[in-house]
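**Student:** for reference, the sequence and a predicted model appear below.
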Amino acid sequence: MSNFDMIAQLFVSGLAVGSIYALVALGYVLVYVSVNVVNFAQGDFAMIAAYFMVTLVVGLHVPWLIALIIGILLIGIFGFVFQLGTFQPLKNRKRAFLPIMISTVGGSIFLEHLFLLVYGPYPQKLPGLFAVDTINIAGVHVYPQYILILVVTIIMVALLMWFFEKTMIGRQMQATAQDPSTARLMGIRVTLMTTLTWMISASLGGLAGILIAPVFMVTTTMGSLIALKAFAASIVGGFSSVKGAIIGGISIGLIETFGAAYISGAYRDAFAFVILVLFLIFKPYGLFGEKVSQKV
Amino acid sequence: MKKFIKQAGAVLTIGALLAGVTGCGSQAAPANGSTAKSSGSGSSASSGGEIKIGLMADMTGPAALSGKEKLNGAQLAVDEINAAGGINGKKLKLVTEDDQGTNQGGVASFQKLVSDPSIVAVVGSIRSTIVQATDTYVKKTQIPVMIGGTNPGLTHAGDKWVFRARPNDNYSSKALASYITQDLKGKKVAILHDTDAFGSAGGKLLDQDLKQMGATVVSDQGYTTATKDYTAYLENIKKSGADVLGTYMTNSEDAAQMIRQLRQLGLNIKVAGSPSIIDQVTIKLAKQQLEGVYGVADFVTNGNDAAKKFTAAYKAKYGNNPDNYSSYPYDAINILANAMKKVGTDPNKLRQAILDTQHYQGAEGEYNFDKNGDGLHSYTVVEIKGGKVVPIKTVSFTN
């Protein structure tokens, strides 16, 4: 049954890595849907939150779960500051899409080097929530951290769905996303809503970074690596659908893990991009892209 | 959605334009470097006071840790030489450029260094892939470049200006293969290597040498630099039933990440690998998991008298133990300084003086330069015990 063990092992690890891509992809999608720009610093939110976490847990000895909550709040505030610098000054320009996108690319480069300067080049280790590294379930070694990632991702997605569909603020945010001028006429505070979107999106990226940090090491480049895959996941999912981002992220996690094991390890990173190119050619709206085509 | 695709297209176009601009920039520079260089030796001789040596180091980027070690090693050599009176009365000066650990960064930093005509020699990269990328420009510039990249081809590519201050992978793979087959009694061996110039060449050599020495290679996998999740590779190794894993991993961070996951997945296998798996950075990141791991090293802190002296001076100055990132620039600058003391800074004479360097005791071992520019021909097999690098035996090769 060692073959089964191997498949189970790969499945668990692909699913967990895929969840991380999905969380970051969600951040892309939220910002894209609500303000129609792509934030290329999305992955850096993951990196920054992981560093916050290192400072809190390793430096200040804050208990893991409390540090997690503080970290998410901090990165949310950070998202607020970030959009103040990169998005707000440019948003009223004609054809603001490109300038804002370039501005976020600049922000991303700035942040990576800032954190290199502050934390130095040595990778940091963040201990996990659990004392043991792996637990052995019938020959399959599972990182408890991977289970945590899966559980938290499911809870987060459910929370998001509930927030957007059932709460007043969530509905106002959706309305703003679909038609800002009408929303403004209806008395919705559009700037507040877009700001909130940025903060939620930063928190999602941050959550991904915090969850994966104990398994990977914390480095200034960890975010950009995740971001590339998450970007591919967003395209696969249609770039405008929460469902799409989740399915896209998890598919890419699974495909690259199984691809590396059974096809070629050397081309592991290529799989995500082959899928990306195939989608751009044959299914440019992604799996769930109707909403955007309506909007445009 | 059409709008989105249009916008994405525009982004790609801008990206391509940007790449084009930097491409043009890099083609313009070497002309500068080479014209200026012809008058270079004259001007530096007349100016007096100081002699400049360039250093390419990855100060930022994915392997920024090694850049710092490299700079420290080079600076130590320069300080020691200057404290002992410099070179025929002139002070040595180190000029550092960040190569960002990338090929583009490497080319840019090399060009920036040699655009200064008073730079007489450059200490190049430890990354084979960067050495490969800069080679065209090294040929044009015609000043000695001391490299640390260990891909054997680098000194066999017809560029007479490249000198290696470390032993090349022909020797590391042979040392590794002989230790795996003879001492560890490995019959079925798995290979894991980076897919960059260093890792792929090393992996290939190890594969050949293992087969020649009678072992079976049951799994041979490549991964791209900065891979984080090694589950897929480790599962294949497990499935292959290998008794020893031989690695050619380029970055210490990757080696640490891999070995942590290998232990977490409960793989019961002996590991022996290229220098990165037993270097100080890897030990710092995965001390417990590295227990009992073997590796070949060109530099061992207490390997010989010169290494002991270097280690003591390094530790006194920077507070931590040196590794091969700092030892090869240290040796390279000492070799350059000795050569310059004899023949001055004329590039052709300097080149000959480096080739004439024989029986020089450096921190990395005994330098005997051959006609290809390879200075070292031996490796030491070491084991990690209690978080320390313990030398087991030195494997030397002639030729």
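**Tutor:** Now that the structure is in, tell me what you want to look at.

**Student:** now the longest helix seen in chain A: average pLDDT?
**Tutor:** Ranked by number of residues, the top helix in chain A under DSSP state H is helix A:2-35. Across helix A:2-35, the average pLDDT comes to 89.

**Student:** centre of the chain to that helix, how far?
**Tutor:** 10 Å (C-alpha atoms, centre = their mean, to the nearest Å).

**Student:** apart from its neighbours in sequence, what residue is nearest the residue in the stretch 1-150 of chain B that chain A sits nearest to?
**Tutor:** Of all residues in the stretch 1-150 of chain B, the one sitting closest to chain A is residue B:64 (3.4 Å; C-beta to the nearest C-beta). For the C-beta atoms, the positions are set from N, CA and C on the backbone; glycine is no exception. Excluding its sequence neighbours, the residue lying closest to residue B:64 (C-beta to C-beta, 6 or more residues apart in numbering or on different chains) is residue A:121, at 3.4 Å.

**Student:** just checking, residue B:284 touches residue A:122?
**Tutor:** Yes: checked against C-beta atoms under 8 Å, the pair residue B:284 and residue A:122 is within contact range at 7.2 Å.

**Student:** only the buried residues of the longest helix of chain A, if you could.
**Tutor:** Across helix A:2-35, burial judged by 16 or more other C-beta atoms under 10 Å in any protein chain shown covers A:5-6, A:8-10, A:12-35.

**Student:** ok, back up a step: tally of neighbours for the residue of the stretch 1-150 of chain B closest to chain A?
**Tutor:** Look at residue B:64: counted by other C-beta atoms under 10 Å in any protein chain shown, it has 22 neighbours.

**Student:** now for it: which residues touch it?
**Tutor:** Applying C-beta atoms under 8 Å, 6 or more residues apart in numbering or on different chains, we find residue B:64 in contact with A:116, A:121, B:58, B:101.

**Student:** of all those, which comes closest to residue B:352?
**Tutor:** residue B:58 (30.8 Å; C-beta to C-beta).

**Student:** contacts for the helix or strand where residue B:178 lies next, please.
**Tutor:** Using DSSP states H and E, the element containing residue B:178 is helix B:169-178. Residues outside helix B:169-178 that contact it (C-beta under 8 Å, 6+ apart): B:150-152, B:198, B:201-202, B:205-206, B:208-210, B:212-213, B:215, B:246, B:248, B:272-275, B:296, B:298, B:376-379, B:381, B:395, B:397.

**Student:** those residues of the stretch 151-296 of chain A touching chain B, which are they?
**Tutor:** For the stretch 151-296 of chain A, the residues in contact with chain B (C-beta under 8 Å from any C-beta of the partner chain) are A:215-217, A:219, A:221-222, A:225, A:239, A:257-258, A:260-261, A:264-266, A:268-269, A:284-285, A:289, A:292-293, A:296.

**Student:** what is the least confident helix or strand in chain B?
**Tutor:** Lowest on mean pLDDT, DSSP states H and E among the helices and strands of chain B sits helix B:40-47, with a mean of 42.

**Student:** moving C-terminal of that one, what's the next helix or strand?
**Tutor:** That would be, after helix B:40-47 and using DSSP H and E, strand B:50-57.

**Student:** where in the stretch 201-350 of chain B is pLDDT low?
**Tutor:** Applying pLDDT under 70 to the stretch 201-350 of chain B flags no residue at all.

**Student:** next one: whatever helix or strand comes next after the helix holding residue B:178 to chain centre, how far?
**Tutor:** Remark: after helix B:169-178, the chain's next helix or strand is strand B:188-194, criterion DSSP H and E. Relative to its chain's centre, strand B:188-194 lies at 21 Å (C-alpha atoms, centre = their mean).

**Student:** hey, C-alpha coordinates of the helix or strand following strand B:188-194 in CSV?
**Tutor:** As assigned by DSSP H and E, the chain's next helix or strand after strand B:188-194 is helix B:197-212. Extracted C-alpha coordinates of helix B:197-212, given in CSV (Å, rounded to 0.1, in the frame of the first residue of the first chain):
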residue,chain,number,x,y,z
ALA,B,197,24.3,25.5,-13.5
PHE,B,198,26.0,24.3,-10.3
GLY,B,199,23.3,21.8,-9.3
SER,B,200,22.6,20.3,-12.7
ALA,B,201,26.3,19.8,-13.6
GLY,B,202,27.1,18.4,-10.1
GLY,B,203,24.1,16.1,-10.2
LYS,B,204,25.2,14.7,-13.6
LEU,B,205,28.8,14.2,-12.4
LEU,B,206,27.7,12.5,-9.2
ASP,B,207,25.4,10.2,-11.3
GLN,B,208,28.4,9.2,-13.5
ASP,B,209,30.8,8.7,-10.7
LEU,B,210,28.4,6.7,-8.6
LYS,B,211,27.7,4.4,-11.5
GLN,B,212,31.4,4.1,-12.2
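
**Student:** now the angle from helix B:197-212 to helix B:169-178?
**Tutor:** Here the directions of helix B:197-212 and helix B:169-178 differ by 40 degrees (axes from the mean of the first three to the mean of the last three C-alpha atoms, to 10 degrees).

**Student:** what comes up buried for helix B:197-212?
**Tutor:** Residues B:197-207, B:209-210 are the ones in helix B:197-212 that count as buried (16+ other C-beta under 10 Å).

**Student:** in this structure residue B:353 contacts residue B:344, no?
**Tutor:** No: at 9.2 Å, residue B:353 does not count as touching residue B:344 under the criterion of C-beta under 8 Å.

**Student:** I figured residue B:86 hits residue B:93, correct?
**Tutor:** No: in this structure, residue B:86 is not within contact of residue B:93 by C-beta under 8 Å, at 9.9 Å.

**Student:** which of these two has more neighbours?
**Tutor:** Ranked by neighbour count (other C-beta under 10 Å), residue B:86 and residue B:93 place residue B:86 first, with 19 against 15.

**Student:** could you export stretch A:37-52 as PDB, CA atoms only?
**Tutor:** Provided in PDB are the C-alpha atoms of stretch A:37-52 (Å, rounded to 0.1, in the frame of the first residue of the first chain):
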ATOM      1  CA  VAL A  37      -6.900  47.100 -10.000                       C
ATOM      2  CA  VAL A  38      -4.500  44.300  -9.500                       C
ATOM      3  CA  ASN A  39      -2.400  44.700  -6.400                       C
ATOM      4  CA  PHE A  40       1.000  43.200  -7.100                       C
ATOM      5  CA  ALA A  41       2.100  43.600  -3.500                       C
ATOM      6  CA  GLN A  42      -0.500  41.000  -2.400                       C
ATOM      7  CA  GLY A  43       2.200  38.400  -1.700                       C
ATOM      8  CA  ASP A  44       4.200  40.900   0.300                       C
ATOM      9  CA  PHE A  45       1.300  41.200   2.800                       C
ATOM     10  CA  ALA A  46       2.000  37.500   3.500                       C
ATOM     11  CA  MET A  47       5.700  38.100   4.000                       C
ATOM     12  CA  ILE A  48       5.100  41.100   6.300                       C
ATOM     13  CA  ALA A  49       2.600  39.400   8.500                       C
ATOM     14  CA  ALA A  50       5.000  36.500   8.900                       C
ATOM     15  CA  TYR A  51       7.700  38.900  10.000                       C
ATOM     16  CA  PHE A  52       5.200  40.600  12.400                       C
END
